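Enquirer: Requesting a structural model of the entry that follows:
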Amino acid sequence: MNVRYTYDALGRLVAAVYDGDQGGQQIGGQEIAISYDGVGNPVTVVVKAAQTPGPAIPVQAQTPGPALPVQTPGPAPVRAAPGIPQPAAPAQRPPSAPTQVAPMPQLTPQPPAPARARVGRLTVRSGALAPREFLIGEALELGREPDNDAMLPDPKVSRHHARIRRDGERYELADLGSSNGTFVNGERIAAPARLEDGDVILIGDVELIFSQRD
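Expert: Residues are numbered from 1 along each chain as shown. Sure thing, here's the model as predicted:
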């Protein structure tokens, strides 16, 4: 006996047809039909009566083929209307050359500027020269003679009475063997004395104020 099976698109059996000889009797066309519910369970089985045997027609199961891709139509090309000028296509710029970055100059460290030396000054506070001021450079000589850096016209002042000279950042006052001596803040000096800002110097009857500023 031959049995022909029929399947649906999901591969499920939907029919079976029996052909052949059974017990010496020719059977042809006896069919069993099967239906399914929405979730795929068989719900109905129908048995059809046998038919007069005829030539068997083979039924091949149909399997779903690959789905064909759906072609989506693209935008239709726009044709320029005759007589209407169309804008020109933008010009193609040539590729620009890479930007060259200039190397940073090497900075040479500069030595710090030397500190400005503080300038010494003598301001006459009493006598005929008050309030004259004398700048002290590297050295300043004081006396009655005109060849001194600071001439003090006082009879008690010796011809070359005293000298102030720079010692590093400071100043020192020395007596040059005067007759009446040299005084700093009321005290007579016997050796070079370092001056401080605001010191009062007395030479003869001339009183001077020492100051040192930037």
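Enquirer: Run a quick neighbour tally on the residue nearest to residue 201 when sequence neighbours are not counted.
Expert: Leaving aside its chain neighbours, residue 201 sits nearest to residue 208 (4.5 Å; criterion: C-beta to C-beta, 6 or more residues apart in numbering). Quick note: C-beta positions are derived from backbone N, CA and C, even for glycine. By other C-beta atoms under 10 Å, 26 other residues sit near residue 208.
Enquirer: so residue 208 bridges to which residues?
Expert: For residue 208, the beta-bridge partners are residue 124, residue 201 (DSSP bridges).
Enquirer: Kindly provide the distance from it to residue 194.
Expert: Look at residue 208 and residue 194: by C-beta to C-beta, to the nearest Å, they are 16 Å apart.
Enquirer: Equivalent analysis for residue 138, please.
Expert: From residue 138 to residue 194 the distance is 16 Å (C-beta to C-beta).
Enquirer: now residue 184
Expert: 9 Å.
Enquirer: who's more crowded, these two?
Expert: Neighbour totals were compared for residue 184 and residue 194, and residue 184 leads with 17 against 11 (other C-beta under 10 Å).
Enquirer: Residue 155 touches residue 206, doesn't it?
Expert: No: counting by C-beta atoms under 8 Å, residue 155 stays clear of residue 206, with 10.9 Å between them.
Enquirer: Look up how far residue 17 lies from residue 183.
Expert: Residue 183 sits 150 Å away from residue 17, going by C-beta to C-beta.
Enquirer: more neighbours, those two?
Expert: Set residue 183 next to residue 17 and count neighbours by other C-beta under 10 Å: residue 17 wins out with 21 against 17.
Enquirer: Look up the residues forming beta bridges with that one.
Expert: residue 4, residue 31.
Enquirer: Okay, it and residue 8: tell me how far apart.
Expert: To residue 8, residue 17 is 15 Å away according to C-beta to C-beta.
Enquirer: buried set for stretch 186-203?
Expert: Applying a neighbour-count criterion of 16 or more other C-beta atoms under 10 Å, one finds 189, 193, 195, 199, 201-203 buried in stretch 186-203.
Enquirer: now those residues as TSV including distance to residue 38, secondary structure and pLDDT?
Expert: Listed next are the buried residues of stretch 186-203 as TSV, based on distance: C-beta to C-beta, whole Å; DSSP: H, G, I helix; E, B strand; the rest coil; pLDDT from 0 to 100:
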residue	distance to residue 38	secondary structure	pLDDT
189	128	coil	96
193	124	strand	96
195	119	coil	96
199	120	coil	96
201	126	strand	97
202	130	strand	96
203	132	strand	96
